[in-house]
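Q: quick one, structure for this:
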Amino acid sequence: MVISTYSSGLVSESFWFLEFKEYLKLKNSGMTELEIKNEAVERNCFGAPNEYRASRIFGYIKRRVDTLDEKAVELFFNSDLATQKLMDLICILRNSRIFFEFVNEVYREKIILGFETIEATDVNTFFANKAAQSDDVAKWTGVTLKRLKGAFFTILTNSGLLAAQGKKRMIKVPITDLMLEKYLKDNGEADFTKALTGEY
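A: So this is what the prediction gives:
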């Protein structure tokens, strides 16, 4: 489920797929949370520039992994690369209401209406609408909104949902694995499938 509060915390995050996969491998091998943190901070298994950043990345990745149950972890390791990336993206969406609403309300609508690209103006309009609806979003600065816009585009590109073509950001509708769709439906999260693919 998506968290209920708005947060601009995504400005400090990246897609971090390799780090996400490494964390899951370590967890799957039987390591405790503390042991994984030691691997991340002391042995720098995430390749961070310094210990502080390693600790921050660990915290962000842990929060994503914490949204996965045992069935999801098993599904992850039995899936192809594209599906694994979608699962990382879904974990990010669960932890960011503003990002989920952007994907669900803007990206999905673009697919349904047959548009091939997402423009910077689409994000600006989205933020303006959210600011009118939420006092929390209305307090965010222009710098924060610019960084969030960059985070949205970067994560969608790295997850395979957007592709750069010159200055254009082309929509790449994912083909979702049937097992992932079933898992999400059984978990009461079919909205993720709809948001990512434009399905009704």
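Q: what residue spans form the domains of the chain?
A: Annotated domains of the chain cover 11-66, 91-197 [automatic domain parsing].
Q: quick one: low-confidence parts of this protein?
A: The chain contains no residues with pLDDT under 70.
Q: what ranges do the helices span in it?
A: 17-28, 33-41, 51-65, 70-77, 81-94, 97-102, 108-113, 120-133, 135-138, 142-158, 178-186, 190-197 (DSSP state H).
Q: closest to residue 7 out of those helices?
A: Residue 7 sits nearest to helix 97-102 of all those, at 7.0 Å, using Cβ to Cβ. (Each C-beta comes from the backbone N, C-alpha and C, glycine too.)
Q: about what we covered before: dump the domains of the chain into TSV; add distance to residue 83 as well.
A: Compiled in TSV, the domains of the chain are given as follows (distance: least, Cβ to Cβ, whole Å):
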stretch	distance to residue 83
domain 11-66	12
domain 91-197	4
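Q: just send those back as JSON lines, with mean neighbour count and distance to residue 78 too.
A: Output for the domains of the chain, formatted as JSON lines (neighbours: other Cβ atoms under 10 Å; distance: least, Cβ to Cβ, whole Å):
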{"stretch": "domain 11-66", "mean neighbour count": "16", "distance to residue 78": "12"}
{"stretch": "domain 91-197", "mean neighbour count": "16", "distance to residue 78": "8"}
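Q: tell me which of those domains sits nearest to residue 3.
A: Among the domains of the chain, the nearest to residue 3 by Cβ to Cβ is domain 91-197 (5.5 Å).
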